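> sequence? don't have it. structure:
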Ligand SMILES: [Zn+2]
């Protein structure tokens, strides 16, 4: 009896021992896992950094930067800036080589989509913009001219990154927005690095009336990011001032 009782006691001790060791092991494992869960919680926001944190990678102030912001509050730092390398985009128009190549690719794709487009106005030098602006001022007065034409040194066209596009029997007019070309560009231009620079609902922010034909090259990475986030102006994306007054 004693021997049997001792055996039963031994078995009970072993079982209890196994349960205790098992519980301790589970607790140790949980404790070991806990910090890594906490780490994940801590690193997740860093991995999905808000755009505000990555914006400094873009240079929005140098005249030669692809992402330079030019508006009535921000003239080109070098007021008579001229791009070093210009490439033809047809119709006697030129753009900075990188932007020209992107435009020509976009033009080929548009033609394939039965929405053939052509260049109307690309790079404009400081002196040419001065001639254009002065001519408008003599015709419409300065206040009216400032709503649709940039003063020299304040024009995106001077960067060589901007192109006025025509097609579907419409040029330099918002009838372009209703053409197959205008619609195709509105939907696809970002994939070639272009931005519809002066949207209809952002006049107060850009300082310009709606221009369905005026596209600005900003590079595919930024254009795609803006498209994904549904941000339609450079001023809003970079939190930079704009507006109608100089
Ligand atoms: Zn334009």
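The structure has been received and is ready for your questions. None of these values were measured; they are calculated from a predicted model.
> tell me the secondary structure for residue 94?
At residue 94 the chain is in strand, as set by DSSP: H, G, I helix; E, B strand; the rest coil.
> How many residues are close by the closest residue to it other than its chain neighbours?
Leaving aside its chain neighbours, residue 94 sits nearest to residue 86 (4.1 Å; criterion: C-beta to C-beta, 6 or more residues apart in numbering). Every C-beta, even on glycine, is put in place using the N, C-alpha and C of the backbone. By the measure other C-beta atoms under 10 Å, the count of residues near residue 86 is 17.
> cool, residue 217 as well?
Neighbourhood size, residue 217 [other C-beta under 10 Å]: 30.
> Equivalent analysis for residue 80, please.
Neighbour tally, residue 80, other C-beta under 10 Å: 13.
> when you give positions from now on, start the count at 29
Taking 29 as the first residue, the last one we looked at is residue 108.
> Does anything pack onto the strand ranked longest in the chain? Which helices or strands?
Longest strand of the chain, by residue count under DSSP state E: strand 239-245. Secondary-structure packing of strand 239-245 (3 or more C-beta pairs under 8 Å, 6 or more residues apart in numbering; DSSP states H and E): helix 125-140, strand 190-194, helix 208-216, strand 222-226.
> Now tabulate these in JSON lines and tack on distance to residue 253 and mean neighbour count.
Formatted as JSON lines, the helices and strands packed on strand 239-245 follow (distance: least, C-beta to C-beta, whole Å; neighbours: other C-beta atoms under 10 Å):
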{"stretch": "helix 125-140", "distance to residue 253": "16", "mean neighbour count": "19"}
{"stretch": "strand 190-194", "distance to residue 253": "20", "mean neighbour count": "24"}
{"stretch": "helix 208-216", "distance to residue 253": "16", "mean neighbour count": "18"}
{"stretch": "strand 222-226", "distance to residue 253": "11", "mean neighbour count": "23"}
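> Looking at these, spot the one closest to residue 99.
With C-beta to C-beta as the measure, strand 222-226 is the member of the helices and strands packed on strand 239-245 nearest residue 99 (9.5 Å).
> Report the distance from the helix or strand just after the closest one to the chain centre.
Of the helices and strands lying after strand 222-226 in sequence (DSSP states H and E), the nearest is helix 231-234. Its chain's C-alpha centre and that of helix 231-234 lie 17 Å apart, by C-alpha atoms, centre = their mean, to the nearest Å.
> Stretch 245-257 too?
Worked out by C-alpha atoms, centre = their mean, stretch 245-257 lies 3 Å from the chain centre.
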